[in-house]
Each structure stands twice: as C-alpha cells, then as structure tokens.
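Trainee: Sequence below, structure please.
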Amino acid sequence: PGRAAGGRTGRWSAYALAACLAAAAAFGGVAVWQNQVAENARQEADRAQRQNEQLAQVLSAPDARTSSGELTGGARGTVVVSQQQNRAVFLASGMAPPPSGKVYQIWFNDEGTMRSAGLMDPKASDDAVLLDGPVDRATGMGITVEPAGGSAEPTSDPVALMDFPTV
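Mentor: Predicted coordinates for the structure are as follows:
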C-alpha cells in the first residue's frame, strides 16, 4: 500500500513539475514578446523625435519662406521651404480623409516632373509633413490620392498644387 501511494505522489510531482515548466516557458515567452513591443515603441519614439527635430529646423531656419493657399474641400495648406536646409514642410488644415484604402501622397514638382516627397497620415485632417528628400530644383508641390503605401509616380489628377515661395 505504501508503494501505490508513493507512486501516485511521484506522478503528481511529475505533473506539477511539468505544469511549472510549462508556466515558466509561457511567462518567458510573454516576457520576450513584451520586450520586443517595448523596443519597437522606443524605436518609433526615437524616429518621431528625429522627424520632429528636422521639422523644427526647417520651420525655424533663418531663410524659411512660406506660401499658403486654399486646397480642395475648403482645406488650407502652407508650405515652408528653407534653401539653407534644402528641405520643405507641408502643413495641412481641415483636409478630408482620403477614400478607404487610399492615401494622400505629396510630390515635388521638379520643372514638370513629379518626384515623391512622402505620404500624409490618412487619419489626420491636420498634419505637418517633413517632405521626404531635398528641395533641389523643385518649384512647387502637388498632392494626389494614391493606393495605400503610395505609388512610384502619380496615378491620379492632383487634388492640390502649390508653388514654393520665392526668395
């Protein structure tokens, strides 16, 4: 009789040990996952901070020039260009959201050739966008409605065209 009880105790101990090991593995997996989520959040925060610093550099540049205008649907747009920084910022106010599955894409107008300058946040009606890339010879910018993720070249008529301010 003592052996049977000892055998059961041994089996229960083995089950308890297995359950503890499974719980420890699960908690370890959760800890690794949480660490990855935290690292991704830190990287995103660092990226946003760098972008905000670059945006502020353009807006506060001593040679910053602005041009504003009405956009479609009663929205307003302002473009700020710094030749010294060779960068531009587009500020939008009151933009209607793009159609579902679409995004607003900004383009540099390089003497009639359109060069991608980035995407606007499809959820923001007010947005500040540091245009992606140098201003170089661009004389203005345009905005088109593109598939989510953007396009290599414009696929729709512009919803807005703005000239860059002159010096």
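Trainee: Could I get the full set of helices for the chain?
Mentor: Assigned by DSSP state H, the chain shows helices spanning 2-59.
Trainee: residue closest to the middle of it?
Mentor: Note on the chain: the residue nearest the mean C-alpha position is residue 121, at 7.0 Å, using C-alpha atoms, centre = their mean.
Trainee: Report the residue spans of this protein with pLDDT below the cut-off.
Mentor: Within the chain, the ranges that satisfy pLDDT under 70 run 1-10, 40, 46, 167.
Trainee: switch the cut-off to 50
Mentor: Within the chain, the set of residues satisfying pLDDT under 50 comprises 2, 4.
Trainee: still on that earlier bit, beta partners for the nearest residue to the residue nearest to the centre of the chain once chain neighbours are set aside?
Mentor: Spatial nearest neighbour of residue 121, chain neighbours left out: residue 127 (5.4 Å); criterion: C-beta to C-beta, 6 or more residues apart in numbering. (Each C-beta comes from the backbone N, C-alpha and C, glycine too.) Counting by DSSP bridges, residue 127 forms beta bridges with residue 92.
Trainee: Compute the distance between the residue nearest to the centre of the chain and residue 110, please.
Mentor: Relative to residue 110, residue 121 is positioned 25 Å away (C-beta to C-beta, to the nearest Å).
Trainee: And for residue 116?
Mentor: 11 Å.
Trainee: Please say which of these two ends up with more neighbours.
Mentor: With neighbours defined as other C-beta atoms under 10 Å, residue 116 and residue 110 compare such that residue 116 has more, 18 against 14.
Trainee: Which residue is the nearest non-sequential neighbour of the more buried one?
Mentor: Nearest in space to residue 116, with sequence neighbours left out and distances taken as C-beta to C-beta, 6+ apart, is residue 107 at 6.0 Å.
Trainee: And residue 97, by the same measure?
Mentor: Taking C-beta to C-beta, 6+ apart, and ignoring the residues beside it in sequence, residue 97 has residue 122 as its nearest neighbour in space, at 6.3 Å.
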